[in-house]
Every structure is written in structure tokens, then in C-alpha cells.
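Enquirer: next comes the sequence, and after it the predicted model I'd like to discuss.
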Amino acid sequence: MMGLGNVDLSKSSSFLKISVLLFVSIVCFYLGTQWSKSDVYQQLLFFSSHQNPSSDPNSHSSVGLSPNFNKSFNLPSLINDTASSTTAPQQQQQQEERQDGSVASSSVPPPVEPQPTPPPPPPVVKRMGVVDENGVMADDFEVGEFDSEVVDNWEASGSNETQEMQTVPGRGFKIDNFASCPESMREYIPCLDNVEAIKRLKSTEKGERFERHCPENGTGLNCLVPAPLGYRQPIPWPQSRDEVWFSNVPHARLVEDKGGQNWITIDKDKFKFPGGGTQFIHGADKYLDQIEKMVPEIAFGKNTRVVLDVGCGVASFGAYLFSKDTLTLSVAPKDVHENQIQFALERGVPAMVAAFATRRLLYPSQAFEMIHCSRCRINWTRDDGILLLEVNRMLRAGGYFAWAAQPVYKHEAALEEQWEEMVNLTTSLCWQLVKREGYIAIWQKPLNNSCYLSREEGASPPLCEPDDDPDKVWYVDLKACITRLPEEGFGGNISQWPARLQNPPDRLQTIQMDAYISRKELFKAESKYWSEIVSGFVRVLKWRKFKLRNVLDMRAGFGGFAAALIEQKLDCWVLNVVPVSGPNTLPVIYDRGLIGVMHDWCEPFDTYPRTYDLLHASGLFSVERKRCNVSTIMLEMDRILRPGGRIYIRDSLAVMDELEAVGKAMGWRVTIRDTSEGPHASYRIMVVDKRLLQT
């Protein structure tokens, strides 16, 4: 066909497109009309437990045919009736008409567009983190459900729980509640009270029985060490320096043995500590003043920050040094006066059970600016001076050894001989006798190796081999050699206190660790991290009202947690534990002016039960669970934690469920909190409160 301009419209592309579109539209309209009239969807099955009984006795009670079976409906009318807002009578009439099937399409009013329902407002999101969106510590956040009255009453609550099974729902951890140990174990120290192992020792003449002899695998502690009858919340520091409850350490032997030496007395329901000692019966404060007058360069709280007191008694020497901003670690063996360390800890003074015997003490080289011995009953010159050589290892370059003993001031033949032996030994160690006055003698260690190297060939004692690591202390035997000082001056070139707390020490470079960035950057980052975390704990979790005194950091790193507590001016001390499973950072901790010890948490700790107010463990269990049982470590934590004390564990989600189950099986009050990274972080914080039992 030809059109205008001789154009064949039947062959035009536009004409073909219009034709196809028109055809498709007609087909769709026809199919839609037929589908709407179809009875395909009339026979619907309904599943209901309340279906009316069917006439068919074999029909199932929960399956029935649609009540609209064999009925026809006008779909637009139904849609319109559903969307329109009709009155109740109209709705009832429409339902009756539908039942009769007599509704005509012409009687339906025109459709009304339904009004959209506005969406509900979004739920209010609570802030669960410690930092805001800019990474700044904030106050307006939630730390979880908290009832101050309940928390305040926790300490007074008892434990009436029966033997049950502690289960974490859906986690698979089922742990029987731990039973209480016999009353005879209330002062139990597993590695020092192993009677069977001590009986098997070939010799005890060098004090071997006072060293660690831990139970074999499978024979360790498996119960909860009980508190003494009438145990009370410890008296807070500084009052505890002068008096403690008798019921908390109910042992009177020290009073009987040392009552005339001004150590300790009993007054009604308390032990009282006049501040005296065997060699300073006029009081520890005057004794300390005398030492500073003898050698002004000692300068407690500046040049001298960290001190070791050997054979400490009830630790009055260290207790009074706190007033001079000096931190003292008091040590003594568990001997016939077995509870002297327990008294020290109850007073709130840093102390550990330790003995100079056959192994190195668990402290690094160049740890202490002063080591003090007042009638400590140690024969320093035995076995070619091997015990004084251990003192030399731990004494910082330029540090002082103070000895208050009878050979210093008495002029009896036997005592004068002992003095001469001591002078000869200290001279061979290149120590300088800087002052001898009254009953005190003070020596100073050299600053470098020049004196050692200038001695005659074959001089005794010899220098230790260059490959000897003086910081390796875990089950290492004593060595009858002089520990070399680092040629770089590491350990002797530290800052004065308090600047040294935040100054990265040179010995950072000696730490064997995998580090892809500067160790100084790691040091500063750790300090900043714990500063922010602890400030949040103090502000939000009200740590000041806890009256913390004895604190144990179970995985201390560089000591950032302890440094943060000092920055917050909390009146407490921290024993920093460096596990053997990680890098040995103990030298750095001591260079900062803090104290610490090397330990393997797969074994018990050398302290009495009920020692610490707060235990802190960050990332400990993720590492140690590969080496030993989690419940073994937590039983030890329960042993050394005071009733009414607290535990803060920061660790991965992989171990948190197991920790929670074990903690509840011990009767702890356990709360799991988010870390500062928020609820989606891979770490959580487990907060534990140990009940103060009323007996």
C-alpha cells in the first residue's frame, strides 16, 4: 500500500512497532480479565487446630477447605471494601451480602486510594562504648545495668548456694560447683606446703625446703580455700599500717617470739604494729632518717625509688618508706615465723614469700636501688659468697646494700671474724664501703665493669660468662660469679623519680620480642591506652570508693596499668607479674620505678591466701589456655583474692563463656561488659565480685 509521498506505511518500522504494541496490550487486557473471573483460587486449604468438624469422619481436624468454596466475588469490590473506612453496620451488611453472593459490581462506590501508614520511629540506640564517634573518652554512655544499692550490698551478702551445676546456655560448658577446702588449708600455699615433696629432698642444709616444690599435675588445688572463722573486711590503708584484725591473721607466735623487740602486739581484737624492729627498736621512721643522713645520695623518693627488704619481719621498714614515696618489696621465707609475710600483706605492704637458698630469686638484674638486710639471719659469705652474688645481680649499678647486724658493731671474736669475711667479699665484688655508723654498714655497687676487668687474672669470684642472661630467673640455679654490667650503661642511666615512670628506659632495646615498630612507640602506646582505660574505670565504675590497696596485674606488659593507677593517685600498690610464656619485660618495669615478678600461671603463686583486693588480667587466658587448664588458674585467683575483692578480666570472646561458667561455679558474682571498642569488638570484660562470707 502506498501513502503520501509514495511511502509504503505497511513497511515502515514505526508502523510495525505501533502494531506490535497494540496487539500485546489487547492480549494482556484479555488475559487479565479472564484471570480475574477464574475460579482457580477458590479452593484454598486452611490449617487450623480449631476447624469445625467436617462431615467426613476421615478428615483431619487441622486441615479444611476454604469457607468460600464455590463462591464468586468481585475482586475490586473486596479490595475497595478493605481499604475504605466503613462503619460497623456497613461492614456487617457487606459480610451478609457476600455470604448470599448477591453483591453487584454496579452498587460498589468508586475506589478510594488508601492512606499510607507512617513508619514507626526508630528505637533509641544506647551508647555502650567508652569513646564517642571521634575516639574521645565520653561520659554519656551506658556500661550495662547497674544498681548502686545492690552493688553496695554485695559485700555484706553471704553465699547460701547449694551444690549445683553451672551451665552457660547454648555454650556446652557444664561445671560442678567447687567445694570448700578443709579448715586446715586456710593458710595453704601449694608450692611451699608440699610436705611429700619436701620429704623427698636429698638435702635441706642450704634452705632447699623453703623453695618452690609444686604439686604434680592432677594433684593440685581443686577446692576453695576457706577464710578463718570471723574474717572481716580488712582495715583500709593508711590505718592498716598500724593495726589489723586479729581474726584475719589469727596467729600469735610472732607476738610471743618478738614481743620485746617492738615488732607486734595484741590489743583486744587487733594486732598493732609500733613500727619497730630488731635493729631499730626506736622506730622505723628514725631508722630511715639515719640511713639518709649517713648517705645523703640515697635520697629516698628521688634517687632511690625501689627497695628490696630481705628478712623483713612484719615489714615495718617498707611500710614507713611509703611516706618517702619509695616502693619496697619485702621478702622472707615461710620459716618458724611463718606468718610474717601474711602480716605484711594484711597491713597493705608489698611482700612475697621468698628465700635465698639454691635458686635465683624471681626478679631481674639491676632491679633495686637499695637492698636492705636487718638481722635477716643470712650467712652472706657461705659457699664463696654465692648469696651476696645474687644480691649483686639484683642491685642496680651504683645502688646500695645496707646491712644492720651484730658483726657491724659488736667486738666479739666470732663476730669480728664475720665482719672481716664480709669486708673481703664485698671488696672482691668491687663494692665500696661508703659508711659504717652505729649498727649499720652501707656499701655501694660500681657503675660499670672497669673495676672487675682490672682485677688480677684468676681473681675470685670470677665474672659470669658473656652469654649468661642475668634476667633469666625461672628455676635457674644460683651462680657463683659476678654478673657483668651492660657496656651501654643500661640499667644505671635511669631518670629520677617520678620522671622515670613515663620515660622509656634504654633497656627497652634488650627485650626479646617481635616488634615491627619502635619499642619506644609501643611503650608510649601502652601507657596511653591504660591511662584512658583506668581513668574510665575510676570515673564511671567508681574505683575510688573501693579503697583498693593490694593489686596484682597478672599480665603486666610494660607496667602501663600500674602506671595509670599512680597517675590517678589511687593509694595502692601493684605487683606486676610477667608470665614466662611471653617476653621478659621485667627490667623495663623496674626501670619505671615499679615492682614485679616472673611467674608461670600454670603453677601456683608464692603468696598467702587472701592477699589482694584486685586482680587484673588482660589477654592472659587466651595465651595460657593453650598450656594449662583455665580452672586451675582461676582456683589460684580465688585463693589469693580477698573476700570482698574484685577481678577484671579482659579477654577474647573465645574464652569468655568458659571463664564465666568457671567463675559462677566458684560462687563469684560475674558480669560481662563491652570493652571501650563497643559491642561488636572481639573482646569483652568480665567483672567479678568475690562475696565477703559471714561466718
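Expert: The structure has been received and is ready for your questions.
Enquirer: by contact count, what packs against the strand or helix carrying residue 589?
Expert: Secondary structure assignment for residue 589, by DSSP states H and E: helix 586-591. Applying 3 or more CB pairs under 8 Å, 6 or more residues apart in numbering; DSSP states H and E, we find helix 586-591 packed against strand 573-579, strand 595-599. Every C-beta, even on glycine, is put in place using the N, C-alpha and C of the backbone.
Enquirer: quote the end-to-end distance of stretch 462-472.
Expert: 19 Å (CA to CA, to the nearest Å).
Enquirer: how far off centre is it?
Expert: On the basis of CA atoms, centre = their mean, to the nearest Å, stretch 462-472 is displaced by 33 Å from the centre of the chain it belongs to.
Enquirer: quick one: name whatever helix or strand follows the longest strand belonging to the chain.
Expert: In the chain, assigned by DSSP state E, the strand with the most residues is strand 641-652. For strand 641-652, the following helix or strand on the C-terminal side (DSSP H and E) is helix 653-665.
Enquirer: coming back round to it: can I get the longest strand of the chain in CSV, CA atoms only?
Expert: Extracted in CSV, the C-alpha atoms of strand 641-652 (Å, rounded to 0.1, in the frame of the first residue of the first chain):
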residue,chain,number,x,y,z
LEU,A,641,41.8,-12.8,96.3
ARG,A,642,40.4,-11.4,99.5
PRO,A,643,36.7,-11.9,100.2
GLY,A,644,35.0,-8.8,99.0
GLY,A,645,37.7,-8.3,96.4
ARG,A,646,37.3,-7.8,92.6
ILE,A,647,38.7,-9.2,89.4
TYR,A,648,38.8,-7.5,86.0
ILE,A,649,39.5,-9.9,83.1
ARG,A,650,39.8,-8.5,79.6
ASP,A,651,39.9,-11.3,77.0
SER,A,652,38.6,-12.6,73.7
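Enquirer: got a list of contacts for that strand?
Expert: 155, 227, 231, 233-234, 537, 546, 550, 610-622, 637, 659, 668, 675, 682-693 (CB atoms under 8 Å, 6 or more residues apart in numbering).
Enquirer: pLDDT wise, what is residue 257 at?
Expert: Looking at residue 257, its pLDDT stands at 70.
Enquirer: report how many residues lie close to it.
Expert: 13 (other CB atoms under 10 Å).
Enquirer: use 619 as the first number for this chain going forward.
Expert: Got it, first residue is 619 now, which makes that one residue 875.
Enquirer: wait, doesn't it sit right on residue 958?
Expert: No - contact criterion CB atoms under 8 Å: residue 875 and residue 958 do not qualify, at 10.2 Å.
Enquirer: start and end of stretch 1285-1296, how far apart?
Expert: Termini of stretch 1285-1296 sit 28 Å apart (CA to CA).
Enquirer: what about that stretch, average pLDDT?
Expert: Averaging pLDDT along stretch 1285-1296 gives 89.
Enquirer: list the buried residues of that stretch.
Expert: Within stretch 1285-1296, the residues that count as buried by 16 or more other CB atoms under 10 Å are 1285, 1286, 1287, 1288, 1289, 1292, 1293, 1294.
Enquirer: reformat those as a markdown table; add secondary structure.
Expert: Below are the buried residues of stretch 1285-1296 laid out as a markdown table (DSSP: H, G, I helix; E, B strand; the rest coil):
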| residue | secondary structure |
| --- | --- |
| 1285 | coil |
| 1286 | coil |
| 1287 | strand |
| 1288 | strand |
| 1289 | strand |
| 1292 | strand |
| 1293 | strand |
| 1294 | coil |
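Enquirer: which one of the residues you listed is nearest to residue 1138?
Expert: residue 1294 (24.0 Å; CB to CB).
Enquirer: and the closest one, how close does it get to residue 1150?
Expert: Residue 1294 sits 8 Å away from residue 1150, going by CB to CB, to the nearest Å.
Enquirer: okay, now the unreliable bits of the stretch 819-968 of the chain?
Expert: By pLDDT under 70, the weakly predicted segments of the stretch 819-968 of the chain are 876-879, 956.
Enquirer: next structured bit after whichever strand or helix holds residue 872?
Expert: Taking DSSP H and E as the definition, one finds residue 872 inside helix 871-876. Heading C-terminal from helix 871-876, the first helix or strand you meet, by DSSP H and E, is strand 883-885.
Enquirer: all good on my end, thank you.
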